[in-house]
Structure formats: structure tokens, C-alpha cells
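> sequence and computational prediction follow.
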Amino acid sequence: MYLKSIFCWIIVICCINIYIISRYSFVQQQNNECIIDRLNATEIWTSQFLENSIHLVIVTANNEFNDMALNLIKSILFHRRKSYNLTFHIFTDCQGRITLSNYFKYLNNDCTEFRLYPLENLIKSSQSFLDRHHITNTHYSGLYAFSKIFIHEYLPSDISHIILLDADIIVLDDIYSIWQQFLLFTSNTTVLGLVPWYPSLPIDYKYNGLLPDPYITGVVLYDIKICRSINFTKLLSDATNNAFNQFQLKSFITADQTILNLFAMYYPKYIVALPCYINGHTYHYLIDGPTWKSACKNQYPRTTHVVPSKRLKDPLDYFGHLYIFYKKMPIEWLSYCGSTRFKLLIK
């Protein structure tokens, strides 16, 4: 009886040991899997960091707007917090290319690149388009603003996504917060991300090429590869023809904004509406603080789009003070690449 009792206890102890060993192996296996997951995540992050650089496009001309574009660039670099490769694609006139290239040589780091393109090519495409459709562009900025719709024809073929920014914008947050809005795009379909007009237009509003436009430009997100795959220029041409036949449109009164709204009206599946805080338009959203908060669900503006742009040059205007702040800031102060890495979320 005594030996039988001892034997039973030995069996119980062996079972407990087997259980503990098996649980330890299971936990160790789980930990190993977590380590592998972390390694894979690191490899994925590295790939994303190298391949998914942020590309920004600015179209500018003459000394006044070239100065504004430079301040825009400074505001972007000033608010840079994350580490990412940043490429500026700048279409400007001959004098602008000389001035900006001389200025950028003082910015030395390995994560910022500036590419300068002749604005003349965009202007030729714009004039040809207008002549072909017997239509005029009556916006005060002239052809250079309208010409932005042709950037997809001149950017390098290896670029997929870009943010197009007007020169009279000052960025108020890390540009990555705007880049994240590409998550709203439908893969292989969405071409443009635009901010809707505010105050909100009636549901039954019929756009006819005149104000108010359903969307505002200044901050536009493009999928360049989709632009090219759907023959974006031809669709713009078709939209212009339709507008002429439907309501005898004879002029683009808000330049690129008019024709992009026509595109959105005739081809809505290619458009996604962006949150209003992406484009802090002073004429629409920022004209009234409480209205802004209500429209944008208490979000802060990521940019301020100063309209009319002459307010930037007024030293007594609030935006004039902001403009002077960046104008006097030495660009070499901004020669850094950020301090944190992208956070990778694996769903």
C-alpha cells in the first residue's frame, strides 16, 4: 500500500513536469514568433521608407510667387518631425530656377531633394489646350495656375503619388499628416483628392463651371500613375467639350480649379473628398473660427491657404507676420531629417 502511494505521487510529479515543460515550449515558441514578426516589421518598414518617399509639386513664376514658394518650402521643412525622404518638384521660370537653385545649395542633408523643371513646357501645353477648345482662362494668376493640370505629363514615370501645393500656402503641421490622406484613395481607381467647398453646397446643386465650385484647389492629392493609365488629359478635354455643349462654358474663371471641378462632375468615381482641415482656405474655412471648428469637427488646420495672397506681404496682417517669420529664417537651420521613424501598423 505504501509503495503504491509513492508510485502515484511519482506519476503526479511527472505529469506536472511535463505540463510545465510543454507550457514553457509554447511560450518560447510564441516569443520566437513575436521576434520574427518584429524582424519582418522592421524589414517592411525599411522597404516602405526607401520606396515611399514623399513627393511635393509646386508650380510658381515671377519673383513674388517664387518668394512665396520658398517660404512654403521653409514651413514644410520647419514642421518636419518624422524621418522620410522628401522630394520637391518645382516648375518655375528661368529666373526662378537660378534663384532657387542658388538658395537650396545651403541646405545639406541626405533626405531632401529639389528637382527644378522649366515652367515653359506647362505653359505651352496650357495654351495649346485653350486654343484647341476655343476657351479662355480669366483667373488673375494667368496661365501658370491653369498649367498645373498638366504636371502628370512632365513628372518622372517612377513617381506614383504627389501632393500639389499652391505657392501662397503656409504649412502648419508635418506634411506627413497630409500624405496620410492617400489612405482614403481606392486602389487603382482614385485619381484626385480634393477638399469640398465650404459652406456646404446643396445636395441638388448643379455645377455649370461658375462659382461656387464644389471643390477648392491649393492642396490636391494625385495618383499620377492612375492619371496616366486613364489618359487624364483626354478626359479633361472631354469634360471641357461637355461643359461647352451643355452650358456654353467659355472661360475657366478659377483656372485649374474650374476644370478639375468639371472633371469631378463628369467622372465622380475618380475623386475622393478630403477632410476640410487639409486646406485651411482663408476665404472659405478660416474666415470664421467657430465655423471652422464646426465644419472640421474641432480639427486644427494643417495648412493655411492665404487668399488673397497679397495678405502675405502685408506686415500688419496676421499672415504677414507669419510670412516674415519664415522669410527671415535661414534655410540652413532647417537642414535636418527629423527625429522619429514611421510607425508601422500591421492589420
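Happy to help now that I have it.
> how many neighbours does the nearest residue to Asp213 once chain neighbours are set aside have?
Once flanking residues are discounted, Asp213 sits nearest to Asn261: 4.5 Å by Cβ to Cβ, 6 or more residues apart in numbering. From N, CA and C alone the C-beta is placed, and that goes for glycine too. The number of residues packed near Asn261 is 25, by other Cβ atoms under 10 Å.
> ok, Asn261 - contacts?
Under the criterion of Cβ atoms under 8 Å, 6 or more residues apart in numbering, the neighbours of Asn261 are 207, 209, 213-215.
> report the separation between it and Ile169.
Using Cβ to Cβ, to the nearest Å, Asn261 is found at 19 Å from Ile169.
> who's in contact with stretch 165-173?
Contacts of stretch 165-173 (Cβ under 8 Å, 6+ apart): 56-60, 65-66, 68-69, 71-72, 75-76, 79, 145, 217-219, 280, 300-307, 309, 312, 319, 322-323, 326.
> so which of the residues you listed are in strands?
Under the assignment DSSP state E, the contacts of stretch 165-173 contribute 56-59, 217-219, 303-305 to strands.
> need the buried ones from these selected in ChimeraX.
Buried members of the ones in strands among the contacts of stretch 165-173, defined by 16 or more other Cβ atoms under 10 Å, are picked up in ChimeraX with:
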select :56,57,58,59,217,218,219,303,304,305
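> show me where this protein has its helices.
Applying DSSP state H to the chain gives helices spanning 2-51, 62-78, 94-104, 119-133, 143-146, 176-179, 224-229, 232-247, 256-266, 289-295, 318-327.
> helices and strands around the fourth one, which ones?
Using 3 or more Cβ pairs under 8 Å, 6 or more residues apart in numbering; DSSP states H and E as the contact test, the elements touching helix 119-133 are strand 86-92, strand 136-137, helix 143-146, helix 232-247.
> quick one: that helix to helix 232-247, angle?
Calculated by axes from the mean of the first three to the mean of the last three Cα atoms, to 10 degrees, helix 119-133 forms an angle of 40 degrees with helix 232-247.
> just want the angle from helix 119-133 to helix 94-104.
Using the same axes, to 10 degrees, helix 119-133 lies at 140 degrees relative to helix 94-104.
> distance from helix 119-133 to the middle of the chain?
Computed by Cα atoms, centre = their mean, to the nearest Å, the separation of helix 119-133 from the middle of its chain amounts to 25 Å.
> can you check stretch 146-163 too?
13 Å.
> what about that stretch, how long is it end to end?
Stretch 146-163 has an end-to-end distance of 16 Å (criterion: Cα to Cα, to the nearest Å).
> state the mean pLDDT of it.
Stretch 146-163 carries an average pLDDT of 95.
> repeat that for stretch 312-319.
In the prediction, stretch 312-319 has an average pLDDT of 90.
> next, the buried residues of it.
Under 16+ other Cβ under 10 Å, the buried positions of stretch 312-319 are 312-313, 319.
> what is the nearest of the residues you listed to Asp288?
Nearest to Asp288 among the buried residues of stretch 312-319: Phe319, at 15.7 Å, using Cβ to Cβ.
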